[in-house]
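S.K.: got a predicted structure plus its sequence, pasted below:
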Amino acid sequence: MKSEELYEEARKHMPGGVSSPVRAFKPFPFFTTHAKGSRIYDVDGREFIDFCLAYGPLVLGHRNDEVLDAVKEQLERGWLFGTPHNAEIELAKAVKRCFPSIEMLRLVNTGSEATMSAIRVARAAKERDKIVKIEGGFHGAHDGVLVKAGSGATTFGIPDSKGIPAEMVKNTLQVPFNDADALSEVLERQREEVAAVILEPVLGNIGVIPPEEGYLHEVRKITAENDVLLIFDEVITGFRLAPGGAQEYYGVNADITTLGKILGGGFPIGAFGGKREIMELVAPAGPVYQAGTFSGNPVSVVAGLKTLEILLRERVHEKINRAGEMLRSSLREIVEDASLPVFVGGVGSMFQIFFSEGGKPVKNYADALKCDKDKYMRMHREMLNAGIFLAPSQFETNFVSAAHTDEDLKRTEEAFKEILPKIAAENEV
Ligand SMILES: Cc1ncc(COP(=O)(O)O)c(C=O)c1O
């Protein structure tokens, strides 16, 4: 196959043949030629219904026409200025309308930059060095957060990356997700040293794990009582669960929010924002340095603006959340009817299949690690053969977009119905 040949070639020139680790699934990843709507096409002429969706940004599906027009118009005007431009103000205002907890924000280029800078400003605001992170949470590939990190770090067995001096992570404390008592205990002991708690309100990088009822409210209460800032990493959930992300969906406000993915409508972007007095610490207004040649990139900004406009105008969240719920409930029926040891997790338009022991619910990192990830990959391969592209790791999330049709979802359910029992019954490779 052409993809296999290209993969061989790519591995000669790039580590693992890819530009980001999770893309390198076995035996070889397909190489894409183009994509449209819910479909992605490879160099061998195959067509797949895409639920990986570039790991989250493509909430409208691939190559949305209106976003394409907005980008083309921007390209005609120029694609990088290195000066302020009006669309940045418009995007900032649009974000603030969606997220009442954000009074001011800084645009950056990736989710990684957003979390790195959010942590920096939180440390400056509190004049303390430690942060608390959730086990299995992923906040990008920078030093201070690559401790028990999910996503590719867990997929490839390097949740604590080599090359990071112990000094860099000694200030990163860890607690399990869905365990408010553990957070309380840590903060009671170390509140004088902790600047912030950073968490994905829905864990999206070890499969999808939603918060248990009341957990986020507890976290909000505990952080406030201990005078510690709460950072919600909404790089995945922002504009996905609701226009106002997990904060709107669950009714909990953060002190600082990080955004990315959907915010750029498929183009590179990130943002961090929060209370005015915190954000005014950021340079040039204040003493916390943060900068970037490509920050506020006009193409990403107009693509994001157009995407947010469509999300609100078309009430996309109602559609995709309903589709996600229906898909999960059909999958649960398949699992129950055949008594399969499989857990179907997710919330809104996010879903994942877990091969957990006896199909037990997966509530945190420890539970996710116990799942049979080889089985997941065998299912992934079979689904690919059936024309469906799922996220290529047990420790990632699948997404439904506005471009998925009822017909797409029906075909997907049928494929799962055939493939899940087969995989669940296998004991060995
Ligand atoms: C929750 C979360 N935070 C941060 C990041 C890092 O974002 P980026 O890949 O844009 O650097 C990711 C990426 O998957 C993420 O899922």
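M.R.: Perfect, I can see it now.
S.K.: distance between the helix-or-strand element of the chain with minimal mean pLDDT and the chain's centre?
M.R.: Taking mean pLDDT, DSSP states H and E as the measure, the helix or strand of the chain with the lowest value is helix 152-155, at a mean of 82. Mean C-alpha position of helix 152-155 versus that of the full chain (Cα atoms, centre = their mean, to the nearest Å) differs by 14 Å.
S.K.: give me the secondary structure label for T258.
M.R.: Per DSSP: H, G, I helix; E, B strand; the rest coil, the secondary structure class of T258 is strand.
S.K.: does the ligand sit close to the least confident helix or strand of the chain?
M.R.: No - Helix 152-155 lies out of reach of the ligand by Cβ under 6 Å from any ligand atom, never closer than 8.7 Å. No exception for glycine: its C-beta is placed from N, CA and C like everyone else's.
S.K.: could you do stretch 244-253 as well?
M.R.: No - remark: stretch 244-253 sits outside contact range of the ligand, by Cβ under 6 Å from any ligand atom, the gap being at least 10.7 Å.
S.K.: now do that stretch, average pLDDT.
M.R.: Taken as a whole, stretch 244-253 has a mean pLDDT of 98.
S.K.: stretch 363-378 too?
M.R.: Across stretch 363-378, the average pLDDT comes to 96.
S.K.: how many neighbours does whichever residue of the stretch 201-350 of the chain sits closest to the ligand have?
M.R.: Nearest to the ligand, among the residues of the stretch 201-350 of the chain, is V235, at 3.5 Å (Cβ to the nearest ligand atom). Using other Cβ atoms under 10 Å, the number of residues around V235 comes to 31.
S.K.: helix, strand, or coil at it?
M.R.: Classified using three-state DSSP, V235 is coil.
S.K.: surely it meets G264?
M.R.: No - here V235 does not reach G264: they are 10.8 Å apart, not a contact under Cβ atoms under 8 Å.
S.K.: which residue packs closest to the residue positioned nearest the centre of the chain, ignoring adjacent ones?
M.R.: Among the residues of the chain, I236 comes closest to the average C-alpha position under Cα atoms, centre = their mean, at 3.2 Å. Counting by Cβ to Cβ, 6 or more residues apart in numbering, I236 lies nearest to G204, which is 4.1 Å off, once chain neighbours are set aside.
S.K.: can you map out the helices along the stretch 201-350 of the chain?
M.R.: Counting by DSSP state H, counting those that start in this stretch, one finds helices in the stretch 201-350 of the chain at the ranges 215-225, 245-250, 276-279, 298-313, 316-337.
S.K.: could I get the average pLDDT for the third one?
M.R.: The one in question is helix 276-279. Per-residue confidence for helix 276-279 averages out to 98 on the pLDDT scale.
S.K.: check contacts around whichever residue of the chain sits closest to the ligand.
M.R.: When Cβ to the nearest ligand atom is the measure, the chain has its nearest residue to the ligand at G111, with 2.3 Å between them. Taking Cβ atoms under 8 Å, 6 or more residues apart in numbering, we find G111 in contact with 139-140, 233, 235, 258-261, 270.
S.K.: equivalent analysis for R128, please.
M.R.: R128 neighbours (Cβ under 8 Å, 6+ apart): 192-195.
S.K.: could I get those residues as CSV with distance to A153 and neighbour count?
M.R.: Written out in CSV, the entries for the contacts of R128 read as follows (distance: Cβ to Cβ, whole Å; neighbours: other Cβ atoms under 10 Å):
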residue, distance to A153, neighbour count
E192, 30, 11
E193, 25, 15
V194, 23, 25
A195, 23, 23
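S.K.: make TSV from the contacts of G111 and add distance to T405 and pLDDT to it.
M.R.: What follows is the contacts of G111, written out as TSV (distance: Cβ to Cβ, whole Å; pLDDT from 0 to 100):
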residue	distance to T405	pLDDT
H139	34	98
G140	33	96
D233	31	98
V235	27	98
T258	32	99
L259	28	99
G260	27	98
K261	23	98
G270	31	98
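S.K.: which two among the contacts of R128 are spaced furthest apart?
M.R.: E192 and A195 (10.6 Å; Cβ to Cβ).
S.K.: hey, where'd the strands end up in the stretch 51-200 of the chain?
M.R.: In the stretch 51-200 of the chain, strands defined by DSSP state E, counting those that start in this stretch lie at 104-108, 130-134, 172-175, 194-199, listed in chain order.
S.K.: can you add distance to the ligand and mean pLDDT and give those strands back as CSV?
M.R.: Shown next, in CSV, are those (distance: least, Cβ to the nearest ligand atom, whole Å; pLDDT from 0 to 100):
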stretch, distance to the ligand, mean pLDDT
strand 104-108, 9, 98
strand 130-134, 11, 97
strand 172-175, 15, 96
strand 194-199, 9, 98
